[in-house]
Structure formats: C-alpha cells, structure tokens
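1. Got a predicted model here, sequence first, then my questions.
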Amino acid sequence: MQVNISARHGHLNDESKDQITAKMERLLRLFDRLLSIDVTVDLKRQEMPSVDVRVSAEHKHDFVATDQASSLMAALDGVIHKLEGQLRKYKERVQSRHRTPRSESASPEGEGSGA
C-alpha cells in the first residue's frame with residue numbers, strides 16, 4: 001500500500017510525515033484491501049490545520065474524510081476515526097452479502113412436476 005502525503009500553504013517535517021504514515025497504516029488492520037492513501041494537510045490556518053484523506057480500495061471504492069482541529073495530530077485522529085467507521089460499515093456490508101443466501105435461489109420444486 002502506498003501513502004502519499006502533501007501539504008498546502010506550508011511544509012511538513014519528516015517526523016510529522018512519519019507519524020502520519022504510521023497512523024494511516026493502522027487502517028490496514030481494519031481492511032486489508034487498500035491500494036493507496038492520499039493525505040493532504042492544509043496549513044493555511046496554523047491554529048486550525050485541516051486534513052483531507054482519500055483512501056482507494058479494490059474494486060474502485062474510494063473513502064473520503066476531512067477534519068479540522070486545533071492541532072495536526074488531533075485532526076488526523078478525527079479523520080482516522082471517520083475512515084474507520086466508513087471502512088467498518090463497508091466491510092460489514094460486503095461480508096453480509098456473502099453470508100446471506102439469495103432469495104432467487106429457491107428450490108425448483110413444483111416446476112415441471114405436473115403432467
């Protein structure tokens with residue numbers, strides 16, 4: 001999985017980039033079919049940085065979350081919380097499709113059994 005980190009209106013040091021990458025890789029524990037994560041940090045307002053994250057998964061599914069907080073790491077934690085909810089909901093929906101049988105696959109009893 002690839003993590004791309006970019007900053008608008010400022011610059012992120014290597015330590016911040018490493019922390020962001022480590023936190024984003026935690027999403028793999030929840031859903032292992034992630035292809036890439038794009039993180040954009042907007043530092044236009046230094047007192048309230050904004051974090052936008054776009055997660056691309058298999059089969060053309062994208063998950064997007066945005067948060068703004070008093071610190072960069074607080075905004076990142078808020079985004080991760082939102083993404084975890086989206087990924088958890090998607091994973092449950094996919095798993096429930098495989099667990100429940102289709103209603104169309106009714107047994108062919110009664111069809112053609114007449115004279």
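-> Arrived safely, thanks for sending.
2. what sits against residue 73?
-> By Cβ atoms under 8 Å, 6 or more residues apart in numbering, the contact list for residue 73 reads residue 19. To be clear about C-beta, it is placed using only N, CA and C from the backbone, and glycine gets the same treatment.
3. what's the pLDDT at it?
-> Residue 73 is assigned a pLDDT of 94 by the prediction.
4. looking at this, it is in a strand?
-> No: Residue 73: not assigned to a strand; according to DSSP: H, G, I helix; E, B strand; the rest coil it is helix.
5. separation between it and residue 31?
-> Distance check for residue 73 against residue 31: by Cβ to Cβ, to the nearest Å, it reads 22 Å.
6. what does residue 61 give?
-> As judged by Cβ to Cβ, residue 61 and residue 31 stand 10 Å apart.
7. In the chain, what residue spans correspond to strands?
-> For the chain, the strands defined by DSSP state E occupy 2-8, 34-42, 50-57, 61-68.
8. would you turn the ones you listed into CSV with mean pLDDT?
-> Converted to CSV, these look like this (pLDDT from 0 to 100):
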stretch, mean pLDDT
strand 2-8, 94
strand 34-42, 94
strand 50-57, 94
strand 61-68, 94
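9. Generate TSV for these, with distance to residue 90 and mean neighbour count as supplementary columns.
-> Below are the strands of the chain laid out as TSV (distance: least, Cβ to Cβ, whole Å; neighbours: other Cβ atoms under 10 Å):
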stretch	distance to residue 90	mean neighbour count
strand 2-8	20	14
strand 34-42	11	19
strand 50-57	8	20
strand 61-68	7	16
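10. Next, format those as JSON lines and append distance to residue 17.
-> Compiled in JSON lines, those are given as follows (distance: least, Cβ to Cβ, whole Å):
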{"stretch": "strand 2-8", "distance to residue 17": "5"}
{"stretch": "strand 34-42", "distance to residue 17": "9"}
{"stretch": "strand 50-57", "distance to residue 17": "13"}
{"stretch": "strand 61-68", "distance to residue 17": "18"}
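11. Indicate which one of those is closest to residue 96.
-> strand 61-68 (16.0 Å; Cβ to Cβ).
12. Just the CA atoms of that closest one, as CSV, please.
-> The C-alpha coordinates for strand 61-68 follow below in CSV (Å, rounded to 0.1, in the frame of the first residue of the first chain):
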residue,chain,number,x,y,z
HIS,A,61,-14.1,2.1,-4.0
ASP,A,62,-12.9,5.4,-2.5
PHE,A,63,-13.4,6.6,1.1
VAL,A,64,-13.0,10.3,1.8
ALA,A,65,-12.8,12.1,5.2
THR,A,66,-12.0,15.6,6.2
ASP,A,67,-11.4,17.1,9.7
GLN,A,68,-10.1,20.3,11.2
